[in-house]
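Q: sequence unavailable; structure follows:
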């Protein structure tokens, strides 16, 4: 059934994510660097532009505008200067190593954009080692004073605006190493708590500022799922991460009750979906179809959650034909999209092995089949 009127971008996503019926299904996608360059080459060829000419290259619109996506994001500014993290590593790191502001080292790999992590506090033996570490500070005004202006500008352009809040578990293991973090949760709980509490306070501050600035939705989460089960027992997740995310979300909702809460985890996390709902979750991402059936997840939890994603990047997008992509989109709209509550997106960034024809088929199919 056709909607009585055409909605704007922001209203469309707000309506869908509040589990109501918009005029049509909203959509988004993120590109890896190689796919982004393929996109630019496609648009340049389509419009007769020369990418080697800076003036002509500047005429190429961003993928959001070109494909009619509805979502834009804001985030904190980076730190003015990073500490020298190299002394915290017990190995020699190659010169091309880069560091994030938590000190996690990224060593460039040999395959596309992938890199190898090294962990600055894998050696830590006491809570004091954490206290002596040069942690990032998100509170200086230069890091977040722009948020209100950025959100207002994007709202004036009719974008649905997300605010990046980050992770707890993922940052923790990328600082400590996954093996050591899990060991600490069992054998040295005071070590695990010290690290996780520090990260939780960072997330809470970022969530509060993004909510105060008027973001429509907060982007946060942790990859805690594997292909067929969770990385940890549901009981361990409930002990260590459920109360911390609850605290972050309560801080955000106190600052702005209207801000929507979005949680990401790849893999099969169905055992904790009821827990996420209990602590306030409103939007689940990405509902990876290789691990959880989006149609069944909608049936079980659609009265509480909207869904963002559902299009497989392990199967459909890289290995399906354009016809398969179209059929998948049509099926998801007719099932998961029934009654609203769906934003269609690949379940992760589009990697270089995704055929360009499948990317076009994704966007074309949402336009063709997505009207209510």
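A: In hand now; what should we look at? Computed from a predicted structure; not experimentally measured.

Q: show me what contacts residue 51?
A: With contact taken as Cβ atoms under 8 Å, 6 or more residues apart in numbering, residue 51 is in contact with 40-41, 44, 57, 60. Any C-beta I mention is one placed from the backbone N, CA and C, and that applies to glycine too.

Q: closest to residue 357 out of those?
A: residue 41 (14.1 Å; Cβ to Cβ).

Q: residues near the closest one, how many?
A: 14 (other Cβ atoms under 10 Å).

Q: neighbours of residue 291, how many?
A: As a burial measure, the neighbour count of residue 291 was computed by other Cβ under 10 Å and equals 21.

Q: list the contacts for it?
A: Going by Cβ under 8 Å, 6+ apart, residue 291 touches 225, 227-228, 266-268.

Q: for residue 232, same thing?
A: Contact analysis of residue 232 by Cβ under 8 Å, 6+ apart lists 182, 185, 224.

Q: same check on residue 254?
A: If a contact means Cβ under 8 Å, 6+ apart, then residue 254 has residue 208 as its contacts.

Q: SS state for it?
A: Secondary structure assignment for residue 254 (DSSP: H, G, I helix; E, B strand; the rest coil): helix.

Q: about what we covered before: in helices only, show me the contacts of residue 232.
A: Judged by DSSP state H, the subset of the contacts of residue 232 located in helices is 182, 185.

Q: next, count neighbours for residue 248.
A: When neighbours are defined as other Cβ under 10 Å, residue 248 has 28 of them.

Q: quick one, which of the contacts of residue 291 are buried?
A: Under a neighbour-count criterion of 16 or more other Cβ atoms under 10 Å, the subset of the contacts of residue 291 counted as buried comprises 225, 266-268.

Q: which one of these is nearest residue 49?
A: Looking across the buried ones among the contacts of residue 291 and measuring by Cβ to Cβ, the closest to residue 49 is residue 266, at 36.4 Å.

Q: residue contacts, the closest residue to that closest one other than its chain neighbours?
A: Sequence neighbours aside, residue 223 is the residue nearest to residue 266 in space, at 5.0 Å (criterion: Cβ to Cβ, 6 or more residues apart in numbering). When the contact criterion is Cβ under 8 Å, 6+ apart, the partners of residue 223 are 169-170, 231, 264-267.

Q: swap the cut-off to 7 Å and go again
A: Taking Cβ atoms under 7 Å, 6 or more residues apart in numbering as the contact definition, residue 223 lies against 170, 265-267.

Q: from the residues you listed, which ones fall inside strands?
A: Filtering these for membership in strands, criterion DSSP state E, returns an empty set.

Q: and the residues you listed, which two are furthest apart?
A: Considering Cβ to Cβ, no two members of the contacts of residue 223 lie farther apart than 170 and 267, which are separated by 12.9 Å.

Q: show me what counts as buried in stretch 127-135.
A: So, applying 16+ other Cβ under 10 Å, buried residues of stretch 127-135: 130, 133, 135.

Q: gap between that stretch and the chain center?
A: The chain centroid and the centroid of stretch 127-135 are separated by 28 Å, computed with Cα atoms, centre = their mean, to the nearest Å.

Q: list the contacts of that stretch.
A: With Cβ under 7 Å, 6+ apart, stretch 127-135 has contacts from 83, 121, 124, 190-191, 194-195, 198.

Q: gap between the two ends of it?
A: Separation of the first and last residues of stretch 127-135 by Cα to Cα, to the nearest Å is 14 Å.

Q: tell me the mean pLDDT for that stretch?
A: Per-residue pLDDT over stretch 127-135 has a mean of 97.

Q: tell me the pLDDT of residue 3.
A: We note a pLDDT of 51 for residue 3 in this prediction.

Q: could you measure residue 123 against residue 177, distance?
A: Distance of residue 123 to residue 177, computed by Cβ to Cβ, to the nearest Å: 10 Å.

Q: list the buried ones in the longest helix along the chain?
A: The longest helix of the chain (DSSP H) is helix 189-212. For helix 189-212, the buried set under the neighbour-count rule, 16+ other Cβ under 10 Å, comprises 191-196, 198-212.

Q: one step back: between residue 123 and residue 177, who's got more neighbours?
A: Of the pair residue 123 and residue 177, residue 177 is the one with more neighbours under other Cβ under 10 Å, namely 18 against 13.

Q: verify the stated contact: the more buried one with residue 122.
A: Yes. Assessed by Cβ atoms under 7 Å, residue 177 is found in contact with residue 122 at 4.4 Å.

Q: now, which of the buried ones among the contacts of residue 291 sits nearest residue 148?
A: Nearest to residue 148 among the buried ones among the contacts of residue 291, with distances taken as Cβ to Cβ, is residue 266, at 32.3 Å.
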